[in-house]
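In: Take a look and give me a structure for this.
(one chain, ligands or ions: 2)
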Amino acid sequence: MPAATVDAIVQDLLAGNRRALARACSLVESTTEHDRQLATQLLERLLPHCVPSRRIGITGAPGVGKSTLVETFGLHYVETGRRVAVLAVDPSSRRTGGSILGDKVRMPRLSNHADAFVRPSPSRLVLGGATSTTREMILLCEAAGFDTVIVETVGVGQSEIDVADMVDMFLLLVLPTAGDDVQGIKRGIMEVADAVVVTKADLDAAAAMRAVAQYQGSLRYLVPANDDWTVPAIDVSSVGAPGLTSLFDAVARFFAHTRSGAIAERRHRQRSAWFDDRLHRSLIELVERDETLRTRLETLRRDIADGNVIPSTAVQRLLASINLVTKEPS
Ligand SMILES: Nc1nc2c(ncn2[C@@H]2O[C@H](COP(=O)(O)OP(=O)(O)OP(=O)(O)O)[C@@H](O)[C@H]2O)c(=O)[nH]1
Ligand SMILES: [Mg+2]
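Out: Ligands and ions are numbered 1, 2, ... in the order given. Down below sits the predicted model:
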């Protein structure tokens, strides 16, 4: 792609053009070296233009009501003058590229709204580089003037913790089945939640209230991610009563409450973690690209597995090899 095209994307994207944003997202998602370089150029140019934003993560088991909630939630915010971007990430291999259609269909009104941008990422793109790609897409959305960025991901273990690590506020959606279900939610996920949202309360208001009480009970024993924020459990419905009012209130309270620098601190930590993560992955890639180093790595891995070498010794040996390889003229 010629430089003129990068210029054109930058210009259109800064003007809030959604097609330019979609194109930039595709570059970020691309696995070719050429596209990656363009994406890096784009991001460098765009970074100074990112608008202040609210980053909200939404996760929960398949079918809990994430997409339906995101549509109602997003529409509420665009109606109050915000510009809303939704990044729907599916880290499981459960669905194929079909999730693109699926999620657009589930957010038909938001997808078509002039002040919204909905970007589903098919699972194949996510393997390995999910977190970095999504983080870069968040920045692209903010450069395009989207001041509310929602990251939706289906809850399959690690992915939820990854999302919690790239947003300001992390919402855990759960079904209104009380009792066993509370035990079934992994403690690690409850610990990073800024709110537990009991969905589909319209189906059985009493069950939803019981679930809320149980979650409130469990939350009392956990250390919240923000020490000055009490994690609420709230019941909502995306289609009927009681609606999402209590959720909007919780979000407003959270952002008002943590304005004193807690979010800035969180982002600071997240950026450092992002760098460490990238560096770690790039170093491994560097080793794996070089045939000599790759062979050495494989041998060391076998030795470690067999118990012949301890990992710290193996790391030292590998680092010594990197030194030799990088010193030699190629
Ligand atoms: N009664 C009721 N049904 C709901 C509500 N929210 C979602 N649903 C229904 O629940 C089903 C799943 O909703 P989705 O929003 O697609 O759930 P999801 O969590 O995005 O699902 P995946 O993307 O497959 O993980 C759909 O049939 C929705 O119509 C709600 O508040 N009340
Ligand atoms: Mg969904």
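
In: Quick check: mean pLDDT of the strand or helix carrying Thr68?
Out: Here Thr68, judged by DSSP states H and E, is contained in helix 66-79. For helix 66-79, mean pLDDT is 96.

In: Tell me which residues of it come out buried.
Out: 66-78 (16 or more other Cβ atoms under 10 Å). To be clear about C-beta, it is placed using only N, CA and C from the backbone, and glycine gets the same treatment.

In: how about the helices in the stretch 101-250 of the chain?
Out: Assigned by DSSP state H, counting those that start in this stretch, the helices in the stretch 101-250 of the chain fall at 108-112, 130-143, 158-164, 180-184, 187-192, 205-219, 245-257.

In: what does the last one contact?
Out: Contacts to helix 245-257, defined as Cβ atoms under 8 Å, 6 or more residues apart in numbering, come from residues 54, 56, 73, 76, 168-169, 171, 194-195, 197, 228-229, 232, 234-236, 263.

In: Which of the residues you listed fall in strands?
Out: Judged by DSSP state E, the subset of the contacts of helix 245-257 located in strands is Arg54, Ile56, Met169, Leu171, Ala195, Val197, Ile234, Asp235.

In: ok so, going back, list only those of the contacts of helix 245-257 flagged as buried.
Out: Neighbour counting by 16+ other Cβ under 10 Å classes 54, 56, 73, 76, 168-169, 171, 194-195, 197, 229, 232, 234-236, 263 among those as buried.

In: Greatest separation within these: which pair is it?
Out: Asp235 and Ile263 (26.0 Å; Cβ to Cβ).

In: Now the residue of the chain found nearest ligand 2. Nearest residue, chain neighbours left out?
Out: Closest residue of the chain to ligand 2, Cβ to the ion: Ser67 (3.3 Å). Nearest residue to Ser67 in three dimensions, chain neighbours excluded: Arg106, at 3.9 Å (Cβ to Cβ, 6 or more residues apart in numbering).

In: Run a quick neighbour tally on Val212.
Out: Neighbourhood size, Val212 [other Cβ atoms under 10 Å]: 22.

In: Quick check, it in contact with Val198.
Out: Yes - at 5.5 Å, Val212 counts as touching Val198 under the criterion of Cβ atoms under 8 Å.

In: tell me, what's touching the two both at once?
Out: Both Val212 and Val198 are in contact with Ala233, Ile234, Asp235, where contact means Cβ under 8 Å, 6+ apart.

In: ok, and the helix or strand in the protein with the lowest average confidence?
Out: Each helix and strand of the chain was given a mean pLDDT (mean pLDDT, DSSP states H and E); the minimum falls on helix 99-106 at a mean of 54.

In: Contact residues of the stretch 1-150 of the chain facing ligand 2?
Out: By Cβ under 5 Å from the ion, the residues of the stretch 1-150 of the chain that approach ligand 2 are Lys66, Ser67.

In: Where does pLDDT dip in the stretch 1-150 of the chain?
Out: Applying pLDDT under 70 to the stretch 1-150 of the chain flags residues 1-4, 91-105, 122-130.

In: how close does Leu279 get to Ser272?
Out: For Leu279, the distance to Ser272 equals 11 Å [Cβ to Cβ, to the nearest Å].

In: before we move on, back to that, the residue nearest to Ser67: neighbour count?
Out: Neighbour count of Arg106, defined by other Cβ under 10 Å: 18.

In: In a markdown table, list the ones in strands among the contacts of helix 245-257 along with distance to ligand 1.
Out: Converted to a markdown table, the ones in strands among the contacts of helix 245-257 look like this (distance: Cβ to the nearest ligand atom, whole Å):
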| residue | distance to ligand 1 |
| --- | --- |
| Arg54 | 21 |
| Ile56 | 15 |
| Met169 | 18 |
| Leu171 | 12 |
| Ala195 | 16 |
| Val197 | 10 |
| Ile234 | 13 |
| Asp235 | 10 |
